[in-house]
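K.L.:
Here is a sequence together with a model predicted from it:
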Amino acid sequence: MYDAPSTTKEAVVTDVKIQANDVQVYYADNHAIKDVSVAIQDKTVTAFIGPSGCGKSTFLRCLNRMNDTIDICRVHGKIEIDGEDIYDKRVDPVQLRAKVGMVFQKPNPFPKSIYDNIAYGPRIHGMARNKAELDEIVERALRRGAIWDEVKDRLNAPGTGLSGGQQQRLCIARAVATEPEVLLMDEPCSALDPIATAQVEELIDELRQNYAVVIVTHSMQQAARVSQRTAFFHLGHLVEYDDTSKIFTNPEDSRTESYITGRIG
Amino acid sequence: MYDAPSTTKEAVVTDVKIQANDVQVYYADNHAIKDVSVAIQDKTVTAFIGPSGCGKSTFLRCLNRMNDTIDICRVHGKIEIDGEDIYDKRVDPVQLRAKVGMVFQKPNPFPKSIYDNIAYGPRIHGMARNKAELDEIVERALRRGAIWDEVKDRLNAPGTGLSGGQQQRLCIARAVATEPEVLLMDEPCSALDPIATAQVEELIDELRQNYAVVIVTHSMQQAARVSQRTAFFHLGHLVEYDDTSKIFTNPEDSRTESYITGRIG
Amino acid sequence: MPLFWLFLIVLAIAAGAYLLARSRVLSMAGDDRRALHSLPSYYGSNAAMKSAVPALLLLVAWLLAQPFIVDNAVSSLIPDAAIADNSSRALVMAEVRRTADGLDMAVASGGLTEALARSEGLDLDVATSSLQEAGAIVTSQLTEPVLAAAQQFRALNTIGARWMSVAVIIVALIGATWGIREASPAFRARNTVERGVRALLIAAASIAILTTLGIVLSLVFNTIEFFRLYPASEFFFGLSWAPSFSGRGGASDLGILPLLWGTFYISIVALLVAVPVGLFAAIYLSEYASPKVRAIAKPLLEVLAGIPTIVYGLFALLTVGPLLVRVFGDDGLGWMQAGTAVMTAGLVMGIMLIPFVSSLSDDIINAVPQAMRDGSYGLGATQSETIRQVVLPAALPGIVGAILLAASRAIGETMIVVLGAGAAARLSLNPFEAMTTVTAKIVSQLTGDADFASPEALVAFALGMTLFVITLGLNIFALYIVRKYREQYE
Amino acid sequence: MTDVSMESAAPRGTLTTVDARTKKRNAAEKRFRAYGLTAIVIGLFFLVVLAVSIIRSGLPAFTQTVVEVEFTLTQEQFDEAESQLLKTKAYENIFIAALQSQLEQRGLNVAFDAAAIERLLGKTGGTIREYFRANPDRIGTPVSFELAASSRVDGYFKGRVTRDSVVDSRFLMVTDLDLVDALYDAGIIKSAFNWNFITGADTGVDNPGGAGIGVAVIGSFFMMLVVLVLSLPIGVAASIYLEEFAPKNWFTDLIEVNISNLAAVPSIVFGILGLAVFIQFMHLPQSAPLVGGLVLTLMTLPTIIISTRASLKAVPPSIREAALGVGASKMQTVFHHVLPLAAPGILTGTIIGLAQALGETAPLLLIGMVGYIARAYPEGVVSGFIDPNSAMPAQIYTWAARADAGFYEKAWGGIIILLLFLLTMNLIAIILRRRFERRW
Amino acid sequence: RDNVQIAGSSTVLPYASIVAEAFGENTDFPTPVVESGGSSAGLKRFCEGVGENTIDIANASRAMREREIAACAENGVTDIIEVRIGYDGIVFASQHSGPAFNAFVPADIYNAIGAQVMKDGALVENTYETWAEFNADLPDAEIAMFIPGTKHGTREVFEEQVLLAGCEATGAMEAMIAGGMSEDDVEDACLDVRQDGKSVDIDGDYTETLARIDANTNGIGVFGLAFYENNTDTLKVATMSGVAPSTETIAAGEYPVSRPLFFYIKKAHIGVIPGLKEFAQFFVSDDLADPSGPLAQYGLVSDPELAKTQQMVADEKVMGADM
Ligand SMILES: Nc1ncnc2c1ncn2[C@@H]1O[C@H](COP(=O)(O)OP(=O)(O)OP(=O)(O)O)[C@@H](O)[C@H]1O
Ligand SMILES: Nc1ncnc2c1ncn2[C@@H]1O[C@H](COP(=O)(O)OP(=O)(O)OP(=O)(O)O)[C@@H](O)[C@H]1O
Ligand SMILES: [Mg+2]
Ligand SMILES: [Mg+2]
Ligand SMILES: O=P([O-])([O-])[O-]
């Protein structure tokens, strides 16, 4: 019912980048993620779909331990990236997050200039030797975020003074500026017009050449367009996880089918 | 290229609810809205479309004077609702905003319980005589916001602990709870799955029976589905404003055409 | 009618007006609250406000004016002859008032009947003795004019009080009627009430201006007087502060510069202690500490702000000073002569100021939205990077406010300076030398023994004034800086 | 473009083995955290040091050496004493005589005379006179009195005074201490908890044994009441106006600068102001807690305003927008949403401002609350506000300046009471503050 | 107002507090309020005018000055009763267990802290480090003097009765005059105190001086007699010109350093403020103020002319009127 992913984007069998086993997440008493096991492949775009509130964001935030910042949130189970348990005591969440970048669902630019918003990551990771290099990184990131033209004249204006969609693209640009190996994107195009969406999708496709990308989206078309693998979440369960083409053409689970045909929400 | 609106939703010629003339908006030196004149009709859904950053939110916020809260924002021109100039000195913006409800682009629930989030508006407007009535109002609003089932067991949980899409629906419910005559919705479905989106669209259609609804959306399909009139904004200009069917089938301006066919962004 | 009762009556009228206006507007709207412009309680509040506020204002005005009017009326009754030549009319009036009070007491205790207390024929001796019996403190035998005046005084006051009650109640009733009649669904009750509240807010904000005005007025005349006696140029540019005892006359050096330097130097040392410690404490409390640690440590640190400064002074003098001497004194590095020094006072003052920086900053840092932190963590920033580069800039206005508060407190502190830094005014760069501050000298010149009309005493006012102007300048500068670097989230 | 990104897929360490740069950053992180912890520890360390020294010096104030004697006052003695100018002296002599006769009865074998006994006793006449005036029916019946011993004898039991240290003193002879020891053995002199210190009033400089801080506590209480009731609402109202309503113009700036400038005004200048405005202009009573409260209110206001404004500023604008968007007025927005979120900061300002006001002496100096202001307890609420009274810090300050070392320990004891008062006051605010704290 | 309101000198305050307490205990009048704040501040408030909202009595550790009397008169405060209550002895004391500073003459003090001193017959900048350098009888201890700050009335007495005397005795004064200075300048120069930290001004109370001495074995402080007598356990007093300070030697005029203490009453308030005159009379009564009374007991040097003072108070004799 949706365009099957074009052959060029066919899922290539690659290494497993992230392996999650029996993940459970609780917000206080609320059991938000129930027993989810999933293997996310490298150099692949994985889409998480599912009705609002089913736990997509929650699971995504487990993958770079962003849930650590929520007091009431407890995560059980095992998540490995490149074979290393990220919830291991010895793991440094900072290094983890440098490796696993994130675009949040609600755009959250820093109360700084647009330039500093982008330059922040590269600076802390020491990615630029000098101002010129940094300028270059910033420009490249903003271009990749499809926002360069709109902000190039006001790089010193505060990032908080941008429109909703501009903020969203700024946050995407901010995340790619640090060149993470895995990029988690929580509804990155929700506030974008079709053109901007297309540009971001192009970016995702480009990133896929080297990295693993996980994208949460409510747009079935988008999932079908950009992803090779799709995971369908429902009420905290991972209902089905398979090649995108398979999910959208021939889902195994009836719930998946109902969802993509628009019958359950 | 998109489904033409079905005949039942054909624009009925009704009274003009909002009349904007020569509106100009500046953020400090940034001329964000240029000379926009538009007549928004009662009992009609009007869609604002246009690329990200073109000024849709800005213009929407002019209609209930939310821009008053931004220090650097200046609004010129004349906007009349029901024939009254809303920027007149004598107009009480509070009363205006009670009449013209708003759903913001970024969901912004109060850091209070879900119940209180909804009940706040009805309380300050004296819409309920007693607790039972208030409970009823809250339930009705949450149902209309298509979120009742998800939150009915946790009405006392904080609204900020909801998922992105749930927050968005909470904010929609909050806005309809006060029964405004005009409802401004800034990308109300951006974080919603198709089913929830359909429910919200149903709500919009229901509201249209009595009220005027203005909706900003990036989804051309959505604009086509729910609206009777569509305004296309580009770089701060109102490029074209006409019946939705006309815009999507036979736009006059070449820019409009480029946009809806996905060529400019 | 006792004042308290009058007050209660006004409140009762206001409460009645509240209920009436509320029910009236509800019934006019046919119980449909949506048809009302505002919540019913606003209509009630409007009526209550209109009945209580003017009435109470009148009450206050009357209470302020009546004594003046009665005093004037009565005092004109006292013949000049009745005023002893070393006394004044005001003093006789004081006695009249006391006698009138005494009569009240005598009547209350039953020693006199009300009629007798009023009658012209009241015998002086009877009056005196009955007053004394009633426990009124009268020093000597009453005199005829005083007694007559006291009786007149009582009579006028009784009349005044009666008319006041009447007037106040009438005003309250008029206001109530007005408010109730206004109550119709279309009436913008909320706006009216909010205008009232807003007036209140403005009044509150204006107190700052009034205080400033008051300070300037209470300093300026003596300052001018000082400059009449002492050349301004020497005061502002003189390099030495050596007030002599005025008995010696005219030999004082009253240059403010050494004092300003001491103020500046000691405050800087204090801030160098308080700001890093306070800020780091705040950061630790709000970002790292567990809620339990925070709940205990923060209030404990706040106790530091509540220890009387004299304790800090003694602490500086007895503990910190000798300690520093051991390290920096002749036996150690040899920089320090005695325990009292800029360093001693600065360190101790810094300790006192820690909570000023820590507590307030902690609250502000805590108020920075979590989304800001998440954004930074998501980029792989460490917690300290996040704090330094995202949280602190976002919290900057509040933190600057806290630091300014601490700095202000440092400038205004006396006791620690007196005990910790010594009383010597000196222009020196060595922080291990004794110095003193403008504030300490204001206190000592003001509470000293010098002839109060001499420049040595009046200089306290000039010092206060100068300090006031200087800090004003600094604050304008700080405001400008904060405006320039403010970062607003969202 | 792509090749660039290929390049920069630079080797990163695995998650468990950190690369050099991360090591450095983590070290910085650890250091930063350590600084924070150090800062707290420094603060708490000084608090402990101060607390220990305060408690060590102040605890002796809570005990008092007393002399217990039972005697009968005859009507003649009473009348005779009442006819004197210095009546208390006469009562004192009666007490001394009674003690002397008691010693003789018991046959203690130390030499003593009336002068020696007088040196052992504190000022006792006032208490005795007061007792018999209040209970005339007890005249002629035996009454047992427990009265304060002299400051030196008290010090002897507390270790402050030794046989060596009284050598030069003309207030106590070395031989007197033999008598003291004997009296102690006989149970006539003993140590008792000093309730009077907690409940009593100030005394003259020659009577440290009778001095108490109770009345000053009441003075402070009424003063703080004024400060709290005025400065909190006024401060919050002013901040709300400035932060939320005031148009951004020069007048607002003027108020703003004025307020921060007031924070820097030395407290004694507020005293000058208070004297000029409240006493000389408005004719409010002198030495009254009401005036003290007003002056301290003016002094506290900037602290509360500055902290309130800072926390109002910290409330994110989206909250305000949300409320305005549902048709709340600005006033409702502020009072329903913004203010509760700013409450922690407001309470912090209140805690610090009130703590400062509670410990302040200098302005009280000028409005007549420092000195010797011994009074009975106020009779009612009104008299609590307007009758002359002192305040705790003023009392402590005066005691600390007195010559007799007995007052020195009283001063420190007073500080303990002041801090207890402060903690009680803060506790309420702290509990409230915790209830309002939240992140968004 | 039904209580007597007093303000002023912190030196007089202890005595006033003793009297006020006794007055409250022994009469039916309320205990007077005695504020501290310094002679100058007290007199200033005294001179603000007459009336209930002004104070009745000002305590002062010095006599009222002409300028102050004039300022008073300007505000209508004209009939003032001056009451001298006795004398305050000023003593030099050091740590009890410190070096033996037992006997001074003004010259020693001047040599120790004067700005310019005679050394080998020439007037030079003061560089003495120890006491023994200029007086072999004194201990070989470092010079560390804590003298009253310029806010204190005691400073004046110290300057005039010790420094000036010392200046003259050491011959410094003569040398200065010989150096061609005018008389006024000489006086000023004699009162100049060295600024190198050997002499420390104390602006606080005697308790502060005591704390300084406590912390410094070689420290010598200037105290009031009463303060010293209350702290004989930590302090050791020195004789001045061979006379040991005591209430007797000072009353007899043998000990050279002392000053009179006063209080001033507004006559206009007598008969208006209850208990005012009674308080004044109580203060100077034999029971309190004579050498066996509690004031002397505490350390006040009784006025030998107490009877005259009592009479003056009884007659309400004002200043300026023929005495
Ligand atoms: N608070 C602000 N301060 C300064 N400039 C602003 C502010 N808000 C918006 N702008 C600018 O005004 C222009 C229009 O913004 P607006 O938010 O109206 O866009 P929009 O059409 O809603 O876009 P989007 O679809 O991305 O939400 C943009 O260029 C934006 O950068
Ligand atoms: N901070 C939180 N505290 C408590 N409960 C939370 C919190 N965040 C999310 N939840 C709950 O956990 C569940 C899953 O939320 P999550 O945000 O993962 O949903 P989602 O799939 O991302 O939905 P959406 O598409 O609406 O963003 C929801 O029921 C939500 O209410
Ligand atoms: Mg989500
Ligand atoms: Mg927008
Ligand atoms: O307080 P004094 O004026 O006596 O120093």
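P.N.:
That came through, no problem. Numbering: from 1, shown residues only, chains lettered A, B, ... in the order given. Ligands and ions are numbered 1, 2, ... in the order given.

K.L.:
Give me the local confidence score for D:Ser220.
P.N.:
We have a pLDDT of 94 for D:Ser220.

K.L.:
Just the buried residues of the host helix or strand of it, please?
P.N.:
Assigned by DSSP states H and E, D:Ser220 belongs to helix D:214-240. Neighbour-count burial for helix D:214-240, with 16 or more other C-beta atoms under 10 Å in any protein chain shown as criterion, is recorded at D:214-228, D:230-232, D:234-240. Quick note: C-beta positions are derived from backbone N, CA and C, even for glycine.

K.L.:
Going by contacts, tell me the helices and strands next to that helix.
P.N.:
Secondary-structure packing of helix D:214-240 (3 or more C-beta pairs under 8 Å, 6 or more residues apart in numbering or on different chains; DSSP states H and E): helix C:189-229, helix D:289-314, helix D:339-358, helix D:381-386, helix D:392-401, helix D:405-436.

K.L.:
Up against chain C, what does chain A have?
P.N.:
A:64, A:66, A:69, A:93-99, A:101-104, A:106, A:108-112, A:120-121, A:124-125, A:158, A:160, A:171, A:174-175, A:178, A:180 (C-beta under 8 Å from any C-beta of the partner chain).

K.L.:
rerun at 6 Å
P.N.:
Proximity of chain A to chain C (C-beta under 6 Å from any C-beta of the partner chain) is limited to residues A:94, A:97-98, A:102, A:108, A:110-111, A:121, A:124, A:160, A:178.

K.L.:
Redo the residues you listed as JSON lines? Include distance to E:Val272, neighbour count and pLDDT.
P.N.:
Supplementary listing: the residues of chain A next to chain C in JSON lines, determined by distance: C-beta to C-beta, whole Å; neighbours: other C-beta atoms under 10 Å in any protein chain shown; pLDDT from 0 to 100:
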{"residue": "A:Val94", "distance to E:Val272": "80", "neighbour count": "24", "pLDDT": "84"}
{"residue": "A:Arg97", "distance to E:Val272": "82", "neighbour count": "25", "pLDDT": "88"}
{"residue": "A:Ala98", "distance to E:Val272": "84", "neighbour count": "28", "pLDDT": "86"}
{"residue": "A:Met102", "distance to E:Val272": "82", "neighbour count": "26", "pLDDT": "91"}
{"residue": "A:Asn108", "distance to E:Val272": "74", "neighbour count": "25", "pLDDT": "90"}
{"residue": "A:Phe110", "distance to E:Val272": "72", "neighbour count": "29", "pLDDT": "90"}
{"residue": "A:Pro111", "distance to E:Val272": "67", "neighbour count": "23", "pLDDT": "87"}
{"residue": "A:Gly121", "distance to E:Val272": "81", "neighbour count": "25", "pLDDT": "91"}
{"residue": "A:Ile124", "distance to E:Val272": "78", "neighbour count": "22", "pLDDT": "88"}
{"residue": "A:Thr160", "distance to E:Val272": "70", "neighbour count": "21", "pLDDT": "87"}
{"residue": "A:Thr178", "distance to E:Val272": "84", "neighbour count": "26", "pLDDT": "90"}
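
K.L.:
want to throw these into CSV with distance to ligand 3 and secondary structure?
P.N.:
Below are the residues of chain A next to chain C laid out as CSV (distance: C-beta to the ion, whole Å; DSSP: H, G, I helix; E, B strand; the rest coil):
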residue, distance to ligand 3, secondary structure
A:Val94, 24, helix
A:Arg97, 18, helix
A:Ala98, 23, helix
A:Met102, 12, strand
A:Asn108, 14, coil
A:Phe110, 21, coil
A:Pro111, 24, coil
A:Gly121, 23, helix
A:Ile124, 26, helix
A:Thr160, 22, helix
A:Thr178, 22, coil
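
K.L.:
if we take the residues you listed, which one ends up nearest to chain C?
P.N.:
The shortest gap between chain C and any of these belongs to A:Ala98, at 2.8 Å (C-beta to the nearest C-beta).

K.L.:
Show the backbone phi and psi for the residue nearest to that closest one when sequence neighbours are not counted.
P.N.:
In this structure, A:Ala98 finds its nearest non-sequential neighbour in C:Gly380, 2.8 Å apart by C-beta to C-beta, 6 or more residues apart in numbering or on different chains. Per-residue torsions, C:Gly380: phi 90, psi 30 (degrees, to the nearest 10).
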